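Student: missing the sequence, but the structure's below:
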């Protein structure tokens, strides 16, 4: 039987005697990566807040890296962070709510849903539907309109029935958010624990995917981006290749989200971020049953260097010696274990941004203190100077291209953002896949397969001590005349067929 573990912000948030499951703080879970080695626990994150890059966020993120099953996932945390990220769910949920209340009274707002259960029997099916969309231990559904009186403070909720006087207007959802378990009163906490007991007695279920039917691909791009992963000319070249396979490729921009469902597949060619529209496009594509590169799970996993570092360690893929920094108490540990110079990284930097080389303790203290204002965790790594980085392109778990990116002139990275003007890039050396050293190719494939089945660019450093994975890019450069220089149009043909194969499954 699988082991259940409950994560809390503070041990005082949940009485150990209230549940048969192991209870531990998120901080302890983060600090002990080998605690459940050889096991695959199911984890319930009952933190006080699920804010981006909080400890709760990292608890769920690193649970996935460690092969543990977690609720809520980082994906759910991001979805509920802004209404525009879950707008597409509201029509279905509003319809289900209206059906449940056809002949009854309007419920008190917010409606609290614990693991898919609610105390109002009329809303049983509605609550399960909300939980199917947003798998989280405790949710609050707020209704709109002045008529929807808000639920009283927790201390008084036990004295209320949860039902208001009859109302002629139709209840609609104003917003959906997390309910903080630590802030619930005794009655609500009892309902939460009862729902958790029922939930943990069931098997974990995954949602079913939809299958689209047409052959038109959308390519999301930003005509004004300074360092796009593919130029407009490159995308035109792909469109010509795809046309020979009976596929129409149409460029779209961030304004085209409402018509995304008109396409069968989505290829994102903007620099991705889970905090901007690229993530919303990826999520919408998945909800429509469309194959997508980059998929939202790959975005979450690749964007965060802390997650990737733990994931690779868990799967035996060599990475530079690293120290996770969560506060000033970790500064000396990083200095002792890594020495100087060292590299400090913001978890979700891209294109060499948010990556700095530090030469001494004073620099570490100054920069890490500033960056910890925005992120609860940073990662420090041993400095490994090389003249180039390998980039192994991987598609569907198989090698797609190989290239060496040379360091920018008089700089230690392939892109120098400190020029005072336009970023300066180093040169490149393309390689046919058959010419790549087998141990380099193997490291790239193993790293990409840890992430998923999409398109990835795996950055590696080849040293006298071996090959070390630096990062896995979910949105790798794919430029005509560079990444496809050696393998030619086979790169674009295989990319097109990757989408077609998934449409026809």
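Tutor: Okay, I see it. The model shown is predicted, which means the values in this text are computed figures rather than measured ones.

Student: for the chain, which residue is closest to the average position?
Tutor: residue 300 (1.9 Å; Cα atoms, centre = their mean).

Student: Isn't that residue up against residue 60?
Tutor: No. Taking contact to mean Cβ atoms under 8 Å, the distance of 9.7 Å between residue 300 and residue 60 leaves them out of contact. Glycine gets a C-beta too; all of them are placed from N, C-alpha and C.

Student: residues shared between the contacts of these two?
Tutor: Taking Cβ atoms under 8 Å, 6 or more residues apart in numbering as the contact rule, residue 300 and residue 60 both touch residue 74.

Student: Need the contact partners of stretch 236-253.
Tutor: Looking at stretch 236-253 with Cβ under 8 Å, 6+ apart, the contacting residues turn out to be 215-223, 230, 232, 235, 259-260, 263, 267, 480, 489, 492-493, 495-497, 499-500.

Student: Buried among those? Need that as a selection in ChimeraX.
Tutor: Here is the ChimeraX command that selects the buried residues among the contacts of stretch 236-253 (16 or more other Cβ atoms under 10 Å):
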select :215,217,218,219,220,221,230,235,260,263,267,480,492,493,495,496,499,500
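
Student: taking the contacts of stretch 236-253 one by one, which sit in strands?
Tutor: When DSSP state E is applied, those are split such that 216, 217, 218, 219, 220, 267 fall in strands.

Student: what bridges to the residue nearest to residue 83 when sequence neighbours are not counted?
Tutor: When the adjacent residues along the chain are set aside, residue 83 lies closest to residue 175, with 5.7 Å between them (Cβ to Cβ, 6 or more residues apart in numbering). For residue 175, the residues forming beta bridges with it (DSSP bridges) are residue 142.

Student: Just give the number of residues close to residue 175.
Tutor: Residue 175 is flanked by 15 other residues according to other Cβ atoms under 10 Å.

Student: what's the pLDDT at it?
Tutor: Per-residue confidence at residue 175 stands at 94 (pLDDT).

Student: Residue numbering should commence at 12 henceforth.
Tutor: Yes, from this point I'll number from 12; that puts the last item at residue 186.

Student: pretty sure it contacts residue 153?
Tutor: Yes. Under the criterion of Cβ under 8 Å, residue 186 makes contact with residue 153 at 5.0 Å.

Student: before we move on, back to that, for the residue nearest to the centre of the chain, which non-adjacent residue is closest in space?
Tutor: According to Cβ to Cβ, 6+ apart, the nearest residue to residue 311 is residue 85 (5.2 Å).

Student: what's the spacing between the one you found and residue 485?
Tutor: From residue 85 over to residue 485 the distance is 14 Å, taken as Cβ to Cβ, to the nearest Å.

Student: Over to residue 247?
Tutor: Here the criterion is Cβ to Cβ. By it, residue 247 lies 23 Å from residue 485.

Student: Neighbour count: those two, which is higher?
Tutor: For residue 247 versus residue 485, the count of surrounding residues by other Cβ under 10 Å is larger for residue 485: 27 against 12.

Student: Setting aside sequence neighbours, what's the nearest residue to the more buried one?
Tutor: Nearest-residue entry for residue 485: residue 313, 3.7 Å, with adjacent residues in sequence omitted and distances by Cβ to Cβ, 6+ apart.

Student: Give me the neighbour count for the one you found.
Tutor: Using other Cβ under 10 Å, the number of residues around residue 313 comes to 27.

Student: Also residue 130?
Tutor: The number of residues packed near residue 130 is 18, by other Cβ under 10 Å.

Student: same deal with the one 4 residues further on?
Tutor: Using other Cβ under 10 Å, residue 134 has 23 other residues around it.

Student: was I right about it contacting residue 118?
Tutor: Yes. Taking Cβ under 8 Å as the definition, residue 134 is a contact partner of residue 118 at 6.7 Å.

Student: Which stretches in the stretch 262-411 of the chain count as helices?
Tutor: Along the stretch 262-411 of the chain, the segments classed as helices by DSSP state H, counting those that start in this stretch run 288-298, 307-314, 316-325, 342-349, 372-382.

Student: Disregarding residues adjacent in the polypeptide, which is nearest to residue 503?
Tutor: Going by Cβ to Cβ, 6+ apart, residue 503 has residue 252 as its nearest residue, at 4.0 Å.

Student: gap between that neighbour and residue 499?
Tutor: Residue 252 sits 10 Å away from residue 499, going by Cβ to Cβ.

Student: who's more crowded, those two?
Tutor: residue 252 (19 against 11).

Student: what stretches of the stretch 362-511 of the chain score poorly on pLDDT?
Tutor: Across the stretch 362-511 of the chain, residues meeting the criterion (pLDDT under 70) sit at 362-364, 419-435, 437.

Student: go with 80
Tutor: By pLDDT under 80, the weakly predicted segments of the stretch 362-511 of the chain are 362-365, 418-437.

Student: what do you get for the stretch 212-361 of the chain?
Tutor: Segments of the stretch 212-361 of the chain classed as low confidence (criterion: pLDDT under 80) are 212-226, 359-361.

Student: contacting residues around residue 465?
Tutor: Taking Cβ under 8 Å, 6+ apart as the definition, contacts of residue 465 comprise 304, 305, 306, 309, 406, 407, 485.

Student: Residues contacting the strand or helix carrying residue 106 from elsewhere in the structure, which ones?
Tutor: In this structure, residue 106 sits in helix 101-111 according to DSSP states H and E. Contacts to helix 101-111, defined as Cβ under 8 Å, 6+ apart, come from residues 133-134, 136-137, 140-141, 144, 152, 181-184, 187.

Student: Now do the strands for the stretch 62-211 of the chain: every range, in order, please.
Tutor: 80-82, 122-125, 149-154, 184-189 (DSSP state E, counting those that start in this stretch).

Student: So which of those is nearest residue 357?
Tutor: Taking Cβ to Cβ as the measure, the strands of the stretch 62-211 of the chain were each checked against residue 357, and strand 80-82 came out nearest at 23.0 Å.

Student: and stretch 76-88, how far apart are its ends?
Tutor: End-to-end distance for stretch 76-88, by Cα to Cα, to the nearest Å: 16 Å.

Student: Using neighbour counts, pick out the buried residues of it.
Tutor: Neighbour counts using 16+ other Cβ under 10 Å place 76, 77, 79, 81, 82, 83, 84, 85, 86, 87, 88 of stretch 76-88 among the buried residues.

Student: just stretch 284-293 next, same as before
Tutor: So stretch 284-293, judged by 16+ other Cβ under 10 Å, has buried residues 285, 288, 289, 290, 291, 292, 293.

Student: wait, doesn't the fourth one sit right on residue 306?
Tutor: No. Counting by Cβ under 8 Å, residue 306 is not a contact partner of residue 290; they are 10.3 Å apart.

Student: that older thread, so which of the strands of the stretch 62-211 of the chain is the most packed in?
Tutor: Mean neighbour count (mean count of other Cβ atoms under 10 Å) peaks for strand 122-125 among the strands of the stretch 62-211 of the chain, with a mean of 25.

Student: any residues touching that one, and which ones?
Tutor: With Cβ under 8 Å, 6+ apart as the test, strand 122-125 has contacts from 129-131, 134, 138, 141-142, 148-152, 154, 162, 190, 199, 202-203, 205-207.

Student: sorry, back to before: check the gap between the residue nearest to the centre of the chain and residue 506 for me.
Tutor: 22 Å.

Student: can you pull out the strands in the stretch 362-511 of the chain?
Tutor: Along the stretch 362-511 of the chain, the stretches classed as strands by DSSP E, counting those that start in this stretch are 366-369, 389-393, 399-406, 409-417, 426-427, 435-436, 439-442, 466-474, 477-484.

Student: is it possible to export those to CSV including mean neighbour count?
Tutor: Compiled in CSV, the strands of the stretch 362-511 of the chain are given as follows (neighbours: other Cβ atoms under 10 Å):
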stretch, mean neighbour count
strand 366-369, 19
strand 389-393, 22
strand 399-406, 23
strand 409-417, 21
strand 426-427, 18
strand 435-436, 18
strand 439-442, 17
strand 466-474, 23
strand 477-484, 22
